[in-house]
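Asks: All I have is the shape, not the residue letters:
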């Protein structure tokens, strides 16, 4: 027979309603009583019925996590970290993939809103206005997007992009190209702005192209623009694009890094096993996953369910084999 709430109440010597409050609103139960109830529940192997609790309390203990492209190696470490941390805090995570489509993103938010207590949007493609409107009735946290009035986890890609420009300029490259990401990407906007300022400070030329598909194929297609511009140093929106660019250049007989240097973003496993191993801006994805869940649970606990807290995480440039001095300096 399954253990019931009445069994726990009997074993702990309390009323059934006290057991219910211990699991649904523990802050309303005296510490010694709460500990006695939890001990009895653990001894009996009792597990509260989350679905039944959700009907009476309106609290599901589920969170939504929506990402732009689950096939991109940037996202899985963040997802895994968020799930692990949420589980420790007593929550489960529903993961959804928009396939870089803002319309799908909007539909998924509407669907998940009925099943979760809050949503984390990672690298959203919707406009800030749309996100703000959709968050009116549900706590939101955005990752790599700054939306007025909403909590956010921001990875400092601006510093990373500047470091990449300085690295290439330091090697002697005078003509650079930045391959921007998809339309609506906050990360791409920050990269372009910061890289342009860094290039001006370093006295080097920087051409920016985009929007581009944030995929290996997108990088392959962008290789022609690199060759046409005569750039010897390239900064790609992410590692997948960087790898694709290296492949596209190789198809034209151009070697990396002997003739062109390439820098990626994200420091994913794909870049680390690529040949040449990819110089890349490391993004703290695991920390971002934990921080996003932490901010979301804080927002959920607030009386109005609202918070505008922001966490900024540092990035770093990891130098490997895909960058070297330009041909005329060798």
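Replies: Happy to help now that I have it. Please read these numbers as outputs of a predicted model, since none were measured by experiment. Numbering: from 1, shown residues only.

Asks: Please identify which helix or strand holds residue 40.
Replies: Taking DSSP states H and E as the definition, one finds residue 40 inside helix 31-44.

Asks: list the buried ones in that helix?
Replies: 33, 34, 36, 37, 38, 40, 41 (16 or more other CB atoms under 10 Å). Any C-beta I mention is one placed from the backbone N, CA and C, and that applies to glycine too.

Asks: can you list the residues that contact it?
Replies: Here helix 31-44 makes contact (CB atoms under 8 Å, 6 or more residues apart in numbering) with 3, 7-8, 11-14, 18-19, 22, 26, 29, 46.

Asks: model confidence over that helix, on average?
Replies: For helix 31-44, mean pLDDT rounds to 89.

Asks: now stretch 249-262
Replies: Averaged over stretch 249-262, pLDDT sits at 96.

Asks: Tell me how far it lies from the chain's centre.
Replies: 30 Å (CA atoms, centre = their mean, to the nearest Å).

Asks: Pull out the buried residues from that stretch.
Replies: 249, 256, 257, 260, 261, 262.

Asks: And stretch 83-103, by the same measure?
Replies: 83, 85, 86, 91, 93, 94, 95, 96, 97, 98, 100, 102.

Asks: can you map out the strands along the stretch 51-200 of the chain?
Replies: Using DSSP state E, counting those that start in this stretch, the strands of the stretch 51-200 of the chain run over 62-67, 92-97, 118-122, 140-143, 152-155, 175-179.

Asks: which secondary structure element contains residue 286?
Replies: Counting by DSSP H and E, residue 286 is found in helix 285-301.

Asks: Return the angle between stretch directions for that helix and strand 62-67.
Replies: Here the directions of helix 285-301 and strand 62-67 differ by 140 degrees (axes from the mean of the first three to the mean of the last three CA atoms, to 10 degrees).

Asks: mind listing what's buried in helix 285-301?
Replies: Buried residues in helix 285-301, defined by neighbour count with 16+ other CB under 10 Å: 285-297, 299-300.

Asks: need the next SSE after it, C-terminal direction.
Replies: strand 310-313.

Asks: For the helix or strand following that following strand, what does the pLDDT average out to?
Replies: On the C-terminal side of strand 310-313, the closest following helix or strand by DSSP H and E is strand 316-318. In this model, strand 316-318 has a mean pLDDT of 97.

Asks: Tell me which strands strand 316-318 pairs with, and in which orientation.
Replies: Applying DSSP bridges, strand 316-318 is found paired with strand 279-282 (antiparallel).
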